[in-house]
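Asks: build me a model:
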Amino acid sequence: MRLISTLTLAALLACPAGAAARGASAQSGRRPAQPVGPGQGGGGGERAGDKQDRSPADENGVYAGREVTRKAIIRTRPEPAYPREARRRRVQGTVRLRIILRADGRVDDRVEVQRSLPYGVTEAAISAARRIEFEPAMKGVRKVSQYVIVEYNFNVY
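Replies: Okay, here's the model as predicted:
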């Protein structure tokens, strides 16, 4: 994702359409700043040991799948109950959840709903996701927490 500073955004809004089409970099003669992630250049004065000390996990100590040595392995994924009212109203679709599979082998209470459905369907999916059994992700030789996306499909037959 490209970050635009307030000054650059103000310049884009104030300039005529032709100049806006050329972009802010053409006006200032500089390229916009790009965020530098781990493993990408741009850092100066780093010692060799510094990269190992820094963790790519977020502020909660949870890793994305690409940041772990071995991803979490889901052993059982219970099916959600289809709420009676949702079935009666013929609610169909997919519920997408972002959950945290913790290093201690439990599903975290924090669940981010990315796609929901009405009439208790989302709640049924969350309840099923909390019963998932898995082997925790590994970072080197230690168990770590990992974000995963789970989807539950609800169809009336």
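Asks: what residues of stretch 105-113 count as buried?
Replies: With burial defined by 16 or more other Cβ atoms under 10 Å, the residues of stretch 105-113 counted as buried are Val107, Val111. Quick note: C-beta positions are derived from backbone N, CA and C, even for glycine.
Asks: please apply the same query to stretch 57-65.
Replies: Within stretch 57-65, the residues scored as buried using 16+ other Cβ under 10 Å are Ala57, Val62, Tyr63.
Asks: of those residues, closest to Leu101?
Replies: Proximity of these to Leu101, judged by Cβ to Cβ, is greatest for Val62, which lies at 9.0 Å.
Asks: the closest one and Tyr147 touch, don't they?
Replies: Yes: contact criterion Cβ atoms under 8 Å: Val62 and Tyr147 qualify, at 5.6 Å.
Asks: now for the two: what residues contact both?
Replies: Here Val62 and Tyr147 share the contacting residues Ile100, scored by Cβ atoms under 8 Å, 6 or more residues apart in numbering.
Asks: picking up where we left off before, pick out the lowest-pLDDT one from the buried residues of stretch 57-65.
Replies: The pLDDT minimum for the buried residues of stretch 57-65 sits at Ala57, where the score is 71.
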